[in-house]
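> Below is the structure, and that's it, no one-letter string:
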């Protein structure tokens, strides 16, 4: 007698990527009159309606890579979510003067601003008018004196379910602070601030002190950069370290007098654990919260040759892009400022086998009898440490991988290796079950 077995076979589930879109690109501010519109259209093949756009730039008009050894700095970090939800911080330093001239600004009604150091007001301002199906439209709120380059990093797609921003003040004492302005629990937070107790919009003409941080409830990173104003010998400082995402430099440029980390994400916001506060000059912080997609916060070191790769792995997803910040130094010692105000901010995106990247760089020298400011812009690297006589370190994203990304120096750094922090984003992956099938097996006698 022959025996037959009826078996049900279940096929392994298929992991299907959900919908996340990322684009790194740039545009020019133009010198169009106030109230003019600037429409930024994404390239064919990667057109989508963004849900949030991050902006960063310097006082440079070059549409090809360039380094300037002597030029006024005017750098900005900004973000746009909608026509009523946007904010920006900016810092400026004058080059080649015997008495330093520095300023910073914070606004909650613009997504990109630059400062006029001669008037102590604004040189130019952009506001977000609309998010479009293939990009975004900006309104010129203040006409720019020159058409400068703005890098942007745009995120969209159904994976990102919620994005919002808020403004909150540092508490008067250390301990925990719950910030609960939203109807969702964020997966990542991005912070921007200047060291002032004044509510936005404001320009502080006594110094430039900026902060940029990010956190996910477990990991925190904080970059600080400052240049003191109206003094004979320049006093410039910097800081970049894991462990905190909020804080700033004191008015004497002697140390850090605000410092906090995100201890947990809450159902309607987040909780901050403040290790240090000013106690009197209460500062305002602007936060962006994003829910959805997958995120990794991390750091890497630059290399001293152009062969050794920096391989970031273990993400658990294939990133579509990342944003990077560096102060060109090894990781800072806790609560200790370093000489020189340095910042490189860069980003990359990966879509349909196309990798785009770029960065800007600012350097204001410490202890200079005549102020010395260096700027750079780059369209092929996410890190650049340049001076007028050449590029002394540049790093590209070589590949966006299935479990992270790989970087390599295009110009080697010189010792020591420099600390670079980043946050990377990738799509949700949904396991789609496949139906079972019935099959009859002949097992013999």
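Nice, thanks for sending it over. Just so it is clear, the model here is predicted, and its values are computed rather than measured.

> Please state the offset of stretch 152-172 from the chain centre?
Averaging C-alpha coordinates over stretch 152-172 and over its chain gives two centres that are 12 Å apart (Cα atoms, centre = their mean, to the nearest Å).

> Does residue 241 lie in a helix or a strand, and which?
Using DSSP states H and E, the secondary-structure element containing residue 241 is strand 236-242.

> before we move on, what about residue 70?
Secondary structure here is read from DSSP H and E; on that basis residue 70 sits in neither a helix nor a strand.

> Centroid-nearest residue for this protein?
Per Cα atoms, centre = their mean, the C-alpha nearest to the average position across the chain is that of residue 323, at 5.1 Å.

> and it, what are its bridge partners?
Applying DSSP bridges to residue 323 yields these beta-bridge partners: residue 347, residue 423.

> any idea how far residue 349 is from it?
From residue 323 across to residue 349, the span is 10 Å (Cβ to Cβ, to the nearest Å). Glycine gets a C-beta too; all of them are placed from N, C-alpha and C.

> anything in contact with each of the two?
residue 153 (Cβ atoms under 8 Å, 6 or more residues apart in numbering).

> Residue ranges in this protein under the pLDDT threshold?
Judged by pLDDT under 70, the chain has its weakly predicted residues at 1-17, 281, 387-390, 430-445.

> picking that back up, might one say that the residue nearest to the centre of the chain is in contact with residue 357?
No. Residue 323 lies out of contact with residue 357 (Cβ atoms under 8 Å); the separation is 10.7 Å.

> which neighbours do the two share?
346-347.

> wait, what's in contact with residue 384?
For residue 384, counting by Cβ under 8 Å, 6+ apart, the contacting residues are 344, 346, 359-361, 376, 378, 391, 393-395.

> quick one: buried residues of the one helix or strand it maps to?
Residue 384 is part of strand 383-387, with elements assigned from DSSP H and E. Of the residues in strand 383-387, those with enough neighbours to count as buried (16 or more other Cβ atoms under 10 Å) are 383-386.

> Same check on stretch 371-384?
Under the neighbour-count criterion of 16+ other Cβ under 10 Å, stretch 371-384 has 371-379, 381-384 buried.

> distance between the ends of that stretch?
The first residue of stretch 371-384 is 21 Å away from its last residue (Cα to Cα, to the nearest Å).

> How about the contacts made by residue 227?
Taking Cβ under 8 Å, 6+ apart as the contact definition, residue 227 lies against 91, 93, 100, 102, 207-209, 234-236, 341, 364.

> Can you lay out those residues as TSV showing distance to residue 36?
Conversion of the contacts of residue 227 to TSV gives the following (distance: Cβ to Cβ, whole Å):
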residue	distance to residue 36
91	26
93	29
100	34
102	30
207	32
208	28
209	32
234	37
235	39
236	36
341	33
364	32
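
> what's near enough to touch the residue nearest to the centre of the chain?
Residue 323 sits in contact with 54, 153, 345-347, 422-423, where contact means Cβ under 8 Å, 6+ apart.

> Specify which member of those residues is nearest to residue 118.
Within the contacts of residue 323, distances to residue 118 taken as Cβ to Cβ reach their minimum at residue 345, with 25.7 Å.

> And the helix or strand hosting the closest one, what's buried?
Residue 345 is located in strand 341-351, with elements delineated by DSSP H and E. For strand 341-351, the neighbour count (16+ other Cβ under 10 Å) marks 341-351 as buried.

> what angle do it and strand 236-242 make?
Comparing the axes of strand 341-351 and strand 236-242 via axes from the mean of the first three to the mean of the last three Cα atoms, to 10 degrees yields an angle of 40 degrees.

> following strand 341-351, which helix or strand comes up?
Using DSSP H and E, the helix or strand that follows strand 341-351 in sequence is strand 354-364.

> Next, the buried residues of that following strand.
By 16+ other Cβ under 10 Å, the buried positions in strand 354-364 come out as 355-364.

> do stretch 178-192 as well
For stretch 178-192, the buried set under the neighbour-count rule, 16+ other Cβ under 10 Å, comprises 179, 182, 184-192.

> do stretch 131-138 as well
Under the neighbour-count criterion of 16+ other Cβ under 10 Å, stretch 131-138 has 131-132, 135-138 buried.

> Same check on stretch 259-271?
Using 16+ other Cβ under 10 Å as the test for burial, stretch 259-271 gives 259-263, 265-266, 269-271.

> Could you pull up phi and psi at residue 284?
For residue 284, the backbone dihedrals are phi -100, psi 140 (criterion: degrees, to the nearest 10).

> I'd say it and residue 200 touch.
Yes. Residue 284 sits in contact with residue 200 when judged by Cβ under 8 Å, with a separation of 6.6 Å.

> tell me, what's touching those two both at once?
The overlap between the contact sets of residue 284 and residue 200 (Cβ under 8 Å, 6+ apart) consists of 106, 167.

> How far off centre is the host helix or strand of residue 274?
Counting by DSSP H and E, the element that carries residue 274 is strand 269-276. With Cα atoms, centre = their mean as the basis, the distance from the averaged C-alpha position of strand 269-276 to the chain average is 20 Å.
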